[in-house]
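Participant: pasting the structure only:
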């Protein structure tokens, strides 16, 4: 039976609410093991979580995707004795291939202050044993090839030579629900993932204009669900033609097609707000990145957000395309998002880039869209749009 040490980060700063976050994290780790058919037992001692399993590699591959965990290490458990610690550290160094051509350092943490040696003394003594056994070079910087970790606890010590990074953040489902306007593109799946990282249960809503596009979005949701332990993503698929088609036909009659993207975005946000109310969600999330396309200029975002009766969150707003693409590759949605898909059938040749609120209000009145696109907002100057 192998033992894995699980570490969390900002949860430790939560004060009186910490117990809630810790319970949620333990629950999500157990859900992860169940979903990946990995047997194991999860428990907590102090500010450390532990996972005992006979499938260590499979458990690490899965659990590193649980939001709230910053890192994890397969550990060896030995008596809290300096000689035993040194012997195990040498074995771990050898198994890791440490030799004269490679470097290492030792990091010790003495949780049990009654242990007769302080952390620097443990590091020097164990480091000397490893040098003697392997001939490796000590490098105290982050450039070292291997870090040997030691945690001295009451009645035992944990020794490890591998630290696997986790995704960090907060336990999924700990921050309530949000509705995400999810397209088949690169940006909105990344926005959804970032909100999941902040602990939000995501309700994906997709406005589809093509069956192939729907299948593409379902594949993206499946990829996101690899991180969704504690809250499964279940997409809601809407008809783009039913939501937007009648509105854009009215724009064409008055030759105001340049407003199509703005009208479309407002219609989708208002429908998302209705779904949020139905599903008990507190906010709407979009994949907007400032200045990336015509509908995402600062002027247009102000107009699009005007009067929307739900908080709007835009986690990508300050990121550029290169940063967003890199994160999409990391989380496994990039290749799904770049597959060929039909263009939006309502996209105008020359979209409006600098809309204004007075012009939008005049347009809505001219074509009789006030009830559909500005419910309860006619004649007002403010809104509830946020980033």
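Facilitator: Thanks, I have the structure now. As the structure is a computational prediction, the values presented were derived from the model and not from experiment. Numbers count the residues shown, from 1 in each chain.
Participant: Residue 373 - how many residues pack around it?
Facilitator: By the criterion of other Cβ atoms under 10 Å, residue 373 has 20 neighbours. Any C-beta I mention is one placed from the backbone N, CA and C, and that applies to glycine too.
Participant: Skip the chain neighbours and tell me the closest residue to it.
Facilitator: residue 266 (5.0 Å; Cβ to Cβ, 6 or more residues apart in numbering).
Participant: do residue 26 as well
Facilitator: Residue 26's closest residue in space is residue 42 (Cβ to Cβ, 6+ apart), at 5.5 Å.
Participant: Contact partners for that neighbour?
Facilitator: 26, 29, 30, 33, 49, 50, 51 (Cβ atoms under 8 Å, 6 or more residues apart in numbering).
Participant: That one falls within a strand, correct?
Facilitator: Yes - judged by DSSP: H, G, I helix; E, B strand; the rest coil, residue 42 forms part of a strand.
Participant: Residue 225 versus that one, what's the distance?
Facilitator: 21 Å (Cβ to Cβ, to the nearest Å).
Participant: what do you get for residue 17?
Facilitator: Separation of residue 17 from residue 225 (Cβ to Cβ): 27 Å.
Participant: Who has more neighbours out of these two?
Facilitator: For residue 17 versus residue 225, neighbours defined as other Cβ under 10 Å are more numerous around residue 225 (16 against 11).
Participant: you'd agree that one is up against residue 234?
Facilitator: No - with contact defined as Cβ atoms under 8 Å, residue 225 does not count as touching residue 234 (9.2 Å).
Participant: tally of neighbours for residue 132?
Facilitator: A total of 11 residues lie near residue 132 under the criterion other Cβ under 10 Å.
Participant: again with the one 4 residues further on
Facilitator: As a burial measure, the neighbour count of residue 136 was computed by other Cβ under 10 Å and equals 24.
Participant: Same check on residue 211?
Facilitator: Around residue 211 there are 8 residues (other Cβ under 10 Å).
Participant: Equivalent analysis for the one 3 residues further on, please.
Facilitator: By other Cβ under 10 Å, 15 other residues sit near residue 214.
Participant: The one 10 residues further on too?
Facilitator: Applying other Cβ under 10 Å, we find 23 other residues in the vicinity of residue 224.
Participant: For it, identify the helix or strand it belongs to.
Facilitator: In this assignment (DSSP states H and E), residue 224 forms part of helix 211-224.
Participant: No further questions, thank you.
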